[in-house]
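Asker: Just the structure for this:
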Amino acid sequence: AVEVERLQRENARLAQRLAQTEAVLELQKKLSELVGIRLPSDERDASS
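Answerer: Okay, the predicted model is just below:
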């Protein structure tokens, strides 16, 4: 039970970190569009 709780906390922490990282990537995309820099395409974008 203690291990499950630890893993749930770690999972929540990693999910939050992932969400923050995705937000930063979106911001970088928007900024690059504003200044006219072409970024390499991301294969994951095609599937979403």
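Asker: And the residue sitting nearest the centre point of the chain, how far from residue 7?
Answerer: In the chain, the centroid-proximal residue (CA atoms, centre = their mean) is residue 22; its distance is 2.3 Å. According to CB to CB, to the nearest Å, residue 22 and residue 7 sit 22 Å apart. Where C-beta positions appear, they are placed from N, C-alpha and C, glycine not excepted.
Asker: cool, and residue 41?
Answerer: According to CB to CB, residue 41 stands 35 Å off from residue 7.
Asker: Mind jotting down where the helices sit in the chain?
Answerer: For the chain, the helices defined by DSSP state H cover 2-35, 43-47.
Asker: Average pLDDT for the last one, rounded please.
Answerer: The average pLDDT within helix 43-47 is 56.
Asker: And stretch 1-18, by the same measure?
Answerer: Mean per-residue pLDDT for stretch 1-18: 98.
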